[in-house]
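In: Got a sequence here, can you build the structure:
(one chain, ligands or ions: 2)
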Amino acid sequence: MINIPFIVDNPIVAPSMLSADFGYLQQDIAFVNQSEADWFHIDIMDGVFVPNLSFGLPVCEAIKRHAQKPLDVHLMIVQPERYLEAFQKAGADLITVHLEACTHLHRTIQQIKDLGCRAGVALNPHTNVGLLEDVIADLDLVCLMSVNPGFGGQKYITQTMEKVKRLKELILENDSKALIEIDGGVNDQNAASLFKLGADVFVAGNYVFQHPDRHHAVHLLKDLKR
Ligand code: DX5
Ligand code: ZN
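Out: Ligands and ions are numbered 1, 2, ... in the order given. Below is the predicted model:
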């Protein structure tokens, strides 16, 4: 099981492979390996939960073969419980499911842990963080979507700042070790204030992969203090 730090001194940075060049995937995997980034963020979309398709198990396996850092797998699919084992076998270290996609969220979280993976729950922008009250103590990560999931390169929703504050309170009140991950439209303009409010993990797709100096882009996200 991957180590998840309890105290995060610098942000954990997870480049989203959705923004990689799939024709040169191995080059982009090598870039993440060599960079200061911490995890690979793997976006799985089913065209039902979100209005887009991305890629599936074979691509996840292929990334795992070359990745020298943990795989943070974000399942944007309905009934994710059907695929947990398959993604664990395909190399997921951390599996995040959407609260909106799970009828039996508590059971699904336990299933992820029983597979030996870290367990995360993602919330769409409209979903209140209070809905996590009864599971927060069991979670390794909460992913706050700062865009409506489905596409890379969208504009960051500023309301996310308020959600980070409320989620941080919920985590502290419940003695939870969950990390707060921000996913969508993260860049060097919004990361510093999010980190100060309590965010721990930054997913970044477009910002990193479209940057003229990608190593520097990762560095700017890493080089923050509370
Ligand atoms: C959106 C995905 C994100 C996305 C982030 O549905 O979950 O992980 O790839 O990409 P950017 O950073 O470009 O918003
Ligand atoms: Zn994602």
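In: So for residue 187, what's the pLDDT?
Out: Note on residue 187: pLDDT of 98.
In: for this protein, longest helix please?
Out: Longest among the helix segments of the chain by residue count, using DSSP state H, is helix 160-173.
In: next one: that one to chain centre, how far?
Out: Centre-to-centre, helix 160-173 and its host chain are 17 Å apart (Cα atoms, centre = their mean, to the nearest Å).
In: Likewise for stretch 205-217?
Out: The answer for stretch 205-217 is 17 Å, by Cα atoms, centre = their mean.
In: does ligand 2 sit close to that stretch?
Out: No: contact of stretch 205-217 with ligand 2 (Cβ under 5 Å from the ion) is absent, the minimum separation being 7.8 Å. Glycine gets a C-beta too; all of them are placed from N, C-alpha and C.
In: what about that stretch, average pLDDT?
Out: For stretch 205-217, mean pLDDT is 98.
In: Quick check: end-to-end length of it?
Out: End-to-end distance for stretch 205-217, by Cα to Cα, to the nearest Å: 11 Å.
In: Could you list the buried residues of it?
Out: 205-209, 211, 214, 217 (16 or more other Cβ atoms under 10 Å).
In: nearest to residue 83, of those?
Out: Relative to residue 83, the closest of those is residue 205; by Cβ to Cβ it sits at 21.8 Å.
In: same for ligand 1: which of the buried residues of stretch 205-217 are within range?
Out: 205-207 (Cβ under 6 Å from any ligand atom).
In: Mind checking which of those land in helices?
Out: Going by DSSP H, the helices hold 206-207 from these.
In: Any idea how many residues pack against residue 82?
Out: Using other Cβ atoms under 10 Å, residue 82 has 9 neighbouring residues.
In: So it versus residue 202, what's the distance?
Out: Using Cβ to Cβ, to the nearest Å, we find residue 82 at a distance of 29 Å from residue 202.
In: again, but for residue 18
Out: When Cβ to Cβ is the yardstick, residue 18 and residue 202 sit 15 Å from each other.
In: Pretty sure residue 218 sits in a helix.
Out: Yes: according to DSSP: H, G, I helix; E, B strand; the rest coil, residue 218 belongs to a helix.
In: pretty sure it is in contact with residue 35, am I right?
Out: Yes: taking contacts as Cβ atoms under 8 Å, residue 218 lies within contact range of residue 35: 4.7 Å.
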